[in-house]
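In: Give me the fold of what follows.
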Amino acid sequence: MRKLLWLLFKIFYRYEIYGRKNFPESGAGLICSNHQSHLDPMLVGTTCTKRMNFLGKKDLFRVPLLGPLIRFLDAIPIDREGILSISGIKETLTRLRRGELVLMFPEGTRTPDGTLQQILPGISALARRSRAPIVPVGVSGAFRAWPKSRKFPVPGPKIRVVIGRPIPFDEFSALDDDGLISLLQQRMEAVFHAAENKTAVSDVI
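Out: Residues are numbered from 1 along each chain as shown. From the prediction side, this is the model:
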């Protein structure tokens, strides 16, 4: 499925990926991406060959065909607006402690205007308890391809994904929650800017 999706994205969106080397070679990773469209889990999922779990709203698991598919693809259900339930937190930590990657969208929902929104505080507990490195990811072009206001995607806009340098546990372990969120906001803004402006890619990877 990764190969098929990559090919489709390449054909319809001139898809580009930068910074694959920044995924952990071994062990867990908390992958944090901005959220532009329904395409985002698939876009980020094609960037890495390691097993990658992702968080999805509970409502999606009730949709015929889609629900069984995303379960098969290692999705973890969360409540509305990106809030993790107790069971969701436990399952996410279990997978991180198994040394797997977990993809989440810390803004909590898709952007209404294409820009990076304020990060919600829920990631702090996951990052501290798992001790996994945080990998910031910037997605650009997906909003133009499939904004929140449109029912279906359209081909044409160029899509670029940039994987930034990871933030190791040692770098944020001494920070309070506000400091951790501020650090991640800065790193995600940097990779999002790089995804929007290719000339800045070398600064973040």
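In: Go ahead and confirm V44 touches V139.
Out: Yes - using C-beta atoms under 8 Å, V44 is in contact with V139, at 7.0 Å. The C-beta positions use only the backbone N, C-alpha and C, and glycine is treated the same way.
In: With neighbour numbers in mind, choose between the two.
Out: V139 (27 against 23; other C-beta atoms under 10 Å).
In: now the helix or strand harbouring T92: mean pLDDT?
Out: Element membership for T92 (DSSP states H and E) is helix 86-97. In this model, helix 86-97 has an average pLDDT of 87.
In: what helices or strands is it leaning on?
Out: Applying 3 or more C-beta pairs under 8 Å, 6 or more residues apart in numbering; DSSP states H and E, we find helix 86-97 packed against strand 52-57, strand 75-78, strand 101-104, helix 123-130.
In: Please identify the deepest-packed of those.
Out: For those, average neighbour numbers computed from mean count of other C-beta atoms under 10 Å are highest in strand 101-104, which has a mean of 24.
In: what are the C-alpha coordinates of that one, in CSV please?
Out: C-alpha atoms of strand 101-104 as CSV (Å, rounded to 0.1, in the frame of the first residue of the first chain):
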residue,chain,number,x,y,z
LEU,A,101,6.4,4.7,15.6
VAL,A,102,3.2,6.5,16.5
LEU,A,103,1.9,9.3,14.2
MET,A,104,-0.2,12.0,15.8
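In: Show me what it pairs with in its sheet, parallel or antiparallel.
Out: With DSSP bridges as the test, strand 101-104 is paired with strand 29-33 (parallel), strand 52-57 (parallel).
In: quick one: contacts of the last one?
Out: Yep, that's strand 52-57 we're talking about. For strand 52-57, the surrounding residues in contact (C-beta atoms under 8 Å, 6 or more residues apart in numbering) are 31, 41, 44-45, 70, 73-80, 82, 84, 88, 92, 95, 100-105.
In: ok, I159 - contacts?
Out: Contacts of I159 (C-beta under 8 Å, 6+ apart): F9, Y13, R14, Y15, E16, L39, L43, V139, S140, G141, A142, A145.
In: Please give me every residue in contact with the last one.
Out: Put plainly, it is A145. A145 makes contacts with Y13, S37, L39, P153, V154, P155, G156, P157, I159, as judged by C-beta under 8 Å, 6+ apart.
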